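S.K.: Kindly return the folded structure for what I paste below:
(one chain, ligands or ions: 1)
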Amino acid sequence: MTNPRQIAFNALRDVHKGAYADVALNRALQKVTLPNHDRRLLTELVYGSVRRQRTLDALIDQLATKKSHQQPKDLRSILHLGLYQLRYQERIPASAAVNTTVQLAKENGFSGLTGFVNGLLRQYIRLAEKLPEPLKLPENPVERLGILHSFPDWIIQVWLDQLDLVETENLCDWMNQTPTIDLRINPLRTSIEEVETALESAGILTRRVNNCPQALRLIGSTGAIQNLPGFNEGWWSVQDASAQLVGYLLHPQAGEVVIDACAAPGGKTTHIAELMGDEGEIWACDRTASRLRKLKENAQRLHLQSIQICTGDSRNLPQFNHRGDRLLLDAPCSGLGTLHRHADARWRQTLESVQELSILQTELISQTSQFVKPGGVLVYATCTLHPAENEGVISTFLANHPQWQIYPPSADFLDSAYSTPQGWLKVWPHRQNMDGFFMVRLRKTNDSE
Ligand SMILES: C[S@@+](CC[C@H](N)C(=O)[O-])C[C@H]1O[C@@H](n2cnc3c(N)ncnc32)[C@H](O)[C@@H]1O
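M.R.: The predicted structure is shown next:
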């Protein structure tokens, strides 16, 4: 099978049965050999239709007699694919979008409904020719933004509680973009200049990222990342610029004992080892063995020796008797800062899952803080923008642990570019053009203090 729209439809069918969008897409891609432009189209159609699901459903509700959720599931997916192309894929001529969607309907059990599919799509085209926004939107700002930008109301509300309407809309737009890829250069093997030159020779454009000293952002499409120069040599890792800031905030020093309590797959552990010149003792703890295997592979590729592995639940590690000068808790979270990287994440998380995560995070920080020596440092980080998982966890922790205090960043660039008056760092994607992140550094008082 080589028709990217049919393959996209099959992948969407898997997603609607519960598969993760990236898993369904990779499974579909593995079964076929497609030219690059068709692979790109397939990826765009699957991720786009999943991401824009609420907007596309609202259009079906508006244009059909039966609501989207009353349509047969497969027909709904076919309509999503057609409407997605008409609304968001300017490069695809409208006639091609309509004809291929009608064909999909015919070939997937809806030959009796091709007239309906054709009529609905053509009705959309007519509206779009007449009106700047063919979608009818409610007055209520939460619902309006949710339908227009395709987010659940509760996420819009979380953002509106922290940002004004214009910024919330900018953030929605940002989260609907195709994500960029950043590299973190390994200064123990190479230099940022050498990587820039090697990538340029391979025809890959890059640019530096302000206030993130070892980051290079890749511009345009790159093909398989493992084929880029320097991967096998351990010159760089893929890591978003904002995740790189966490290592700088921790500020580990050569010779120290550092514990990474939720370490896998090791993006930050390996950064810590690089910052320490690979000298010292780094404990990478995580409860997921398969992810720790990835961490091991990454450390080997980067030629790092100082990392040791500890598998288990970091809330309960009775045999772990090491005490750290520094501890990183890069906690499991709802990922509201990286919704652009996971097309279906906005539909998977709920207020209840956020609530459960905040309990886990509170338990993790309270238990793992005991692994830190007096006078030592703990960095708590998440890639979410939900205050219950960030400010809330830290405020509760500080209220219950008077020997801990907020300890501002050491690096000037962190302080000036990202700090908040409260002392934590919050990266808002639409402001800083990188993944959303929250991070705070805390210090445990010395026994003598
Ligand atoms: C945000 S990810 C860590 C990413 C990692 N620090 C990096 O930069 O590559 C959170 C990790 O926490 C782990 N985790 C979740 N609950 C845990 C627990 N109770 N104890 C230890 N690890 C846990 C998950 O397996 C996952 O690998």
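S.K.: any idea of the pLDDT on whichever residue of the stretch 51-200 of the chain sits closest to the ligand?
M.R.: Nearest residue of the stretch 51-200 of the chain to the ligand (C-beta to the nearest ligand atom) works out as Arg184 at 10.7 Å. In this view, the C-beta of every residue, glycine as well, is placed from N, C-alpha and C. Listed pLDDT for Arg184 reads 98.
S.K.: give me every residue that touches it.
M.R.: Contacts for Arg184 (C-beta atoms under 8 Å, 6 or more residues apart in numbering) come out as 214-215, 236-239, 244, 271.
S.K.: Check Asn108 too.
M.R.: So Asn108 contacts 6, 9, 74, 78 (C-beta under 8 Å, 6+ apart).
S.K.: quick one: contacts for the last one?
M.R.: It refers to Ile78. Applying C-beta under 8 Å, 6+ apart, the residues contacting Ile78 are 9, 101, 104-105, 108, 110, 117.
S.K.: so the closest residue to Asn211 other than its chain neighbours is in which element?
M.R.: Closest residue in space to Asn211, ignoring its immediate chain neighbours: Ala417 at 4.2 Å, by C-beta to C-beta, 6 or more residues apart in numbering. Assigned by DSSP states H and E, Ala417 falls within helix 412-418.
S.K.: from the chain's centre, how far out does that helix sit?
M.R.: Helix 412-418 sits 23 Å away from the centroid of its parent chain (C-alpha atoms, centre = their mean, to the nearest Å).
S.K.: Same question for stretch 315-325.
M.R.: Stretch 315-325 has its C-alpha centroid displaced from the chain centroid by 30 Å (C-alpha atoms, centre = their mean).
S.K.: ok, the residue nearest to Asn211 - contacts?
M.R.: Ala417 touches 210-211, 432, counting by C-beta under 8 Å, 6+ apart.
S.K.: Please list the residues of this structure that sit near the ligand.
M.R.: Residues of the chain lying close to the ligand (C-beta under 6 Å from any ligand atom) are 262-268, 286-288, 291, 313-315, 330, 332, 364.
S.K.: so Leu336 touches Val158, yeah?
M.R.: Yes: taking C-beta atoms under 8 Å as the definition, Leu336 is a contact partner of Val158 at 7.0 Å.
S.K.: so what's in contact with the two at the same time?
M.R.: By C-beta under 8 Å, 6+ apart, the residues touching both Leu336 and Val158 are 385-386.
S.K.: Count the neighbours of His340 for me.
M.R.: Residues lying near His340 (other C-beta atoms under 10 Å) number 20.
S.K.: So which of the contacts of Ala417 sit within helices?
M.R.: Within these, residues falling in helices by DSSP state H are Gln432.
S.K.: Can you select the buried ones among the contacts of Ala417 for me in PyMOL?
M.R.: Remark: buried members of those, expressed as a PyMOL selection using 16 or more other C-beta atoms under 10 Å:
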select buried, resi 211+432
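S.K.: follow-up on the earlier one: what mean pLDDT does the helix holding Ala417 have?
M.R.: The average pLDDT within helix 412-418 is 74.
S.K.: just checking, next helix/strand downstream of it?
M.R.: strand 425-427.
S.K.: Residues touching that next one, excluding its own?
M.R.: Contacts with strand 425-427, where a contact means C-beta under 8 Å, 6+ apart, come from 242, 245, 249, 337, 385, 390, 409, 414, 418-420, 434-440.
S.K.: May I see the PyMOL selection of the buried members of the residues you listed?
M.R.: Selecting the buried subset of the contacts of strand 425-427 in PyMOL, with 16+ other C-beta under 10 Å as the burial test, is done by:
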select buried, resi 242+245+249+337+385+390+409+414+418+434+435+436+437+438+439+440
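S.K.: Which ones among the contacts of strand 425-427 map onto helices?
M.R.: Of the positions in the contacts of strand 425-427, 242, 245, 249, 414, 418 sit in helices, assigned by DSSP H.
S.K.: List the residues that contact the residue lying closest to Leu120 once chain neighbours are set aside.
M.R.: Distance criterion C-beta to C-beta, 6+ apart; nearest residue to Leu120, sequence neighbours excluded, is Leu63 at 5.0 Å. Counting by C-beta under 8 Å, 6+ apart, Leu63 touches 120, 123-124.
S.K.: Save those residues as a markdown table, and put in pLDDT, secondary structure and neighbour count too.
M.R.: As requested, the contacts of Leu63 are arranged in a markdown table below (pLDDT from 0 to 100; DSSP: H, G, I helix; E, B strand; the rest coil; neighbours: other C-beta atoms under 10 Å):
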| residue | pLDDT | secondary structure | neighbour count |
| --- | --- | --- | --- |
| Leu120 | 98 | helix | 20 |
| Gln123 | 98 | helix | 15 |
| Tyr124 | 98 | helix | 24 |
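S.K.: Tabulate these in TSV, adding columns for distance to Phe231.
M.R.: Shown next, in TSV, are the contacts of Leu63 (distance: C-beta to C-beta, whole Å):
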residue	distance to Phe231
Leu120	46
Gln123	49
Tyr124	44
